[in-house]
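Q: Sequence first, then the predicted structure, then my questions.
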Amino acid sequence: MPRINAEVFFTPSQVDELLLRDKNVIVIDVLRSSTTIAAALNNGAREIIPVPSIESAVKVSGSLFGEVTLRGGERHGKMIEGFNLGNSPAEYTEDIVKGKSIIYCTTNGSLAITKGRHAKNLIVGSFANITKVVEFLIQLSEDFCILCAGQLNNFCVEDSVCAGMILYKIQQQLKSNLLLDDSGSASIALYKGYSKSILKMIQQSTHGKYLGDLGFSDDLKICSGVDTIPVIPILSGNLITLRKEGEKLDNQNVKSKNNKSTSKK
């Protein structure tokens, strides 16, 4: 087993697109984009189209068929005016999203994902799919980095604890073959400190308290659930879809750019 280097970035401000180019990237936004994306795809959404801004969402939606396209997302926790859905994973039920393309714009999560659009492989991670993420990375057996979405480019404890849980689980299997940077080691230490009560940690986090005040306390429970949505959302070109079991690991983006175009859907 070759040695694998793992890096953790606590906020998107630490990286740019060039740094992430051709790397294996895991984007984490526990509250709530990562969980919502997994829920939407697991409930039958055809694809998620992450965009960095409301303006981009409007532009993309103009080139797609309205009856099979939804706009979902939030600004500062609240649903964007004119959108079909907010950013609560509970909203993305099968009867609403099955077979639909979802243009997705959030304050932190979609921004972090689009920053990594030139990655070799980019997957979306959360507590809800953590074992699947670990299995993916062990199967990949290559260097990788974890990008925490944070909150307005500030450190978020829930994203970092999730990163630490991923690294701890990999470390348990690979032992000394996993090489961590200081941020990775700190993430594991945070995870060990909070591992006995993920929900309490989320409820006491700055963003968790904010969402609770907005009336999204139930979302905190959903987002703290471990392995409740065992899927791998993977970015292919500019689309997030479900990774199929046994799918070959390679540069997903190069393949997709040759044969996919959202404007033709």
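A: Okay, I see it. Numbers count the residues shown, from 1 in each chain.

Q: list the contacts for I80?
A: Contacts for I80 (CB atoms under 8 Å, 6 or more residues apart in numbering) come out as 54, 57, 71, 73-74, 86, 105. For every residue, glycine as well, the C-beta is placed using N, CA and C.

Q: What about these, which one has the most neighbours?
A: Counting neighbours by other CB atoms under 10 Å, C105 comes out on top of the contacts of I80 with 28 neighbours.

Q: right, and that residue touches V58 too?
A: No. Counting by CB atoms under 8 Å, C105 does not reach V58; the two are 9.4 Å apart.

Q: Tell me where this protein has helices.
A: Assigned helices in the chain, in chain order: 17-20, 33-42, 54-61, 94-97, 109-115, 130-140, 157-174, 182-194, 198-204, 206-213, 217-224, 252-259 (criterion: DSSP state H).

Q: Grab the CA positions of the third one and hand them over as CSV.
A: To tie it back to what came earlier, the one meant is helix 54-61. Output of helix 54-61 as CSV, limited to C-alpha atoms (Å, rounded to 0.1, in the frame of the first residue of the first chain):
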residue,chain,number,x,y,z
ILE,A,54,-27.8,33.8,-7.7
GLU,A,55,-27.0,35.4,-11.0
SER,A,56,-25.5,32.2,-12.2
ALA,A,57,-28.6,30.3,-11.1
VAL,A,58,-30.8,32.5,-13.1
LYS,A,59,-28.6,32.3,-16.2
VAL,A,60,-28.4,28.5,-16.1
SER,A,61,-32.1,28.1,-15.5
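
Q: Name the residues that touch that helix?
A: Defining contact as CB under 8 Å, 6+ apart, one finds that helix 54-61 is touched by 49, 51, 69, 71, 73, 75, 80, 83, 103-105, 262.

Q: For I113, see how far away the residue nearest to C105 when sequence neighbours are not counted is.
A: Spatially, and ignoring its direct neighbours in sequence, C105 is nearest to G73 (3.8 Å; CB to CB, 6 or more residues apart in numbering). G73 is 12 Å from I113, where distance means CB to CB, to the nearest Å.

Q: Which member of the contacts of helix 54-61 is positioned nearest Q151?
A: When these are ranked by distance to Q151 (CB to CB), R75 comes first, at 12.8 Å.

Q: Who are the contact partners of I198?
A: 127, 161, 224, 226.

Q: buried sites along stretch 176-192?
A: Applying a neighbour-count criterion of 16 or more other CB atoms under 10 Å, one finds 178, 180, 183-184, 186-188, 190-191 buried in stretch 176-192.

Q: Looking at the residues you listed, which is nearest A39?
A: When the buried residues of stretch 176-192 are compared for distance to A39 (CB to CB), Y191 wins out at 22.9 Å.

Q: What sits closest to that closest one if chain neighbours are left out?
A: G164 (3.1 Å).

Q: and what of Q173?
A: I138 (6.2 Å).

Q: Surely the one you found touches L174?
A: Yes. The pair I138 / L174 is scored as a contact, 7.1 Å apart, by CB under 8 Å.

Q: Can you report how many residues neighbour the closest residue to I222 other than its chain neighbours?
A: If you skip the residues right next to it in sequence, I222 has P89 as its closest partner in space, 5.1 Å away by CB to CB, 6+ apart. A count of neighbours around P89, defined by other CB under 10 Å, yields 26.

Q: And for the one 10 residues further on?
A: A count of nearby residues for G99, using other CB under 10 Å, gives 9.

Q: list the contacts for the nearest residue to it once chain neighbours are set aside?
A: Of all residues beyond its chain neighbours, the one nearest G99 is R46 (5.7 Å), with distances taken as CB to CB, 6+ apart. Counting by CB under 8 Å, 6+ apart, R46 makes contact with 68, 99-101, 241.
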